[in-house]
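>>> Got a sequence here, can you model it:
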Amino acid sequence: MGLFGKKKSKEPDLQETVTQADVERLVAGLGRKDVRQAASSGLRPINSDPRVVTALIAALMNDDDDVRTAATTILATSRNPRVVEPLIAALQDGGEGVRLGAAIAVGTIVASTPGGDPRSLAALKSAFDAEEDPSMKNALKIVVASAEEAPSTHGDDPYAPWGGSVGENPVARDAWLRIATAISSREPGSTPT
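Residues are numbered from 1 along each chain as shown. Below is the predicted model:
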């Protein structure tokens, strides 16, 4: 009950207003250069919705490197535990941008998980050891160092301070920004192509 005994109207959650057709259109938009940014922006706030997670995991198998890269970036801050294994698998993708996106996403998981998520950290270190391209090896070194630098210390429930909303994890978003900034600030000329 609100003030003066009136019922408070509950505004619908974004997840409740998005249809399966909307999700399909947004994910399909990742394949179009002219709307990729808008599609990514539309998917980020609902990146933990099971329908979105399923569609983005499927997008990790797309033939287009740009689609797979966008999917890794969107999944990086998802609260859905189903994203971990596909992102770890994407560390071995043939596309350099996809591997980098997956590394940043997996690094984000490490940095935003209480205790640091040892399995994801081990996968990142294995990807670093296996990488042959010197520029990518340098990028992976930065991601590993950034992920290890400040793992989350929010107790047993990494989402407790932010409630149960569907939107992206704020701790993960901060970790993603920190890791992405570390990657982008490395020496000119060493950026992966």
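>>> If we ignore the residues flanking it in sequence, what's nearest the residue most central in space within the chain?
Nearest to the geometric centre of the chain sits A76, at 1.0 Å (CA atoms, centre = their mean). Spatial nearest neighbour of A76, chain neighbours left out: A105 (3.6 Å); criterion: CB to CB, 6 or more residues apart in numbering. Just so you know, the C-beta spots here come from the backbone N, C-alpha and C atoms, and that holds for glycine as well.
>>> How about V171?
Nearest non-adjacent residue to V171 (CB to CB, 6+ apart): S112, at 4.4 Å.
>>> I figured the one you found was touching L177, is that so?
No: under the criterion of CB atoms under 8 Å, S112 is not in contact with L177, lying 11.2 Å apart.
>>> So between the two, which is more surrounded?
Counted by other CB atoms under 10 Å, S112 and L177 do not tie: S112 has more neighbours, with 27 against 12.
>>> low pLDDT regions in the protein?
Applying pLDDT under 70 to the chain flags residues 1-15, 150-168, 187-193.
>>> any chance you could map the helices in it?
Here the chain has its helices, by DSSP state H, at 14-17, 20-29, 36-43, 50-59, 65-75, 84-90, 96-112, 118-130, 134-149, 170-184.
>>> which of the residues in the second one are buried?
If I follow you right, that is helix 20-29. If you call a residue buried by 16 or more other CB atoms under 10 Å, then helix 20-29 has these buried ones: V23, L26, V27, G29.
>>> quick one, what contacts the third one?
Taking CB atoms under 8 Å, 6 or more residues apart in numbering as the contact definition, V27 lies against A39, L43, V52, A55, L56, A58, A59.
>>> cool, the last one as well?
Each residue near G29 by CB under 8 Å, 6+ apart is listed here: V35, R36, A38, A39, G42.
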